[in-house]
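S.K.: A structural model of the following input is requested.
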Amino acid sequence: MVKISELTTERLNETYLPTKWGKFKIIAYANKKDENMPHLAIVSQNFDPNKVITMRIHSECMTGDIFGSSRCDCGPQLEKAMKIIDKEGGVILYMRQEGRGIGLVNKLKAYTLQDKGYNTVEANTHQGLEADARTYEEAIEMLNDLGIDKVNLMTNNPLKIKAIEDSNIEVVQRVPHEIPAIPENYNYLKTKKDLMGHLLK
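M.R.: Below you'll find the predicted structure:
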């Protein structure tokens, strides 16, 4: 169980965010006032915390989210989630957890190893890093700050499901959030399914 009282993530600022997928509010969260790379909550205009909230925890992926890399499914997952939360009144937590928590430089090193035949798990562990170094305590604090008690969780990752279930927030249902594989990311997705237990077809 995450002990919310021991954590220090705070709401730093919020503002209006019009996008091509809809109009949102964007809220910055961090555990220090001068944080330059805060976590973000993207909140739809019709958000109502008294309802069951459709939400996604999306870990930052600069290569996929910004540059459109086809080595992963991150960019299309984010776009799909933006469209869904605009329609359903939901929230995306955009967590600064690049490369499953190993950082951008190590992620690029992992890409080089993948080009030599390592899978995505091996490419991390070969560097002496965890296959997945992410934790979700800060995400839970953000949900609590937003007043969210019940969620329909858009994810394929069993660790995210467990993190929310072990908190004070109820997972009403898991909503599959799968993007069809393409040749460039087939092995990446297969590794997620076979070695990391992701709930993928």
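S.K.: isn't residue 125 up against residue 119?
M.R.: No. The pair residue 125 / residue 119 is not scored as a contact, 9.9 Å apart, by C-beta atoms under 8 Å. The way it works is simple: take the backbone N, C-alpha and C, and place the C-beta from them, glycine included.
S.K.: which of these two has more residues huddled nearby?
M.R.: In terms of neighbours (other C-beta atoms under 10 Å), residue 119 is the more surrounded of residue 125 and residue 119; the figures are 18 against 13.
S.K.: ok, back up a step: okay, and the common contacts of residue 125 and residue 119?
M.R.: Here residue 125 and residue 119 share no contacting residue, scored by C-beta atoms under 8 Å, 6 or more residues apart in numbering.
S.K.: from the rest of the structure, what touches the longest helix along the chain?
M.R.: Longest helix in the chain by number of residues (criterion: DSSP state H): helix 74-88. Helix 74-88 is contacted from outside by 19, 21-24, 42, 44, 54-56, 58-59, 61, 63-66, 68-69, 90-92, 154, 177, 179, using C-beta under 8 Å, 6+ apart.
S.K.: ok, stretch 175-184 next?
M.R.: For stretch 175-184, the surrounding residues in contact (C-beta under 8 Å, 6+ apart) are 54, 56, 70-71, 73, 76-77, 80-81, 152-156, 189, 199-201.
S.K.: again with stretch 22-29
M.R.: For stretch 22-29, contacts defined as C-beta under 8 Å, 6+ apart pick out 9-18, 35, 38-45, 47, 82-83, 85-87, 138, 141-142, 145-146.
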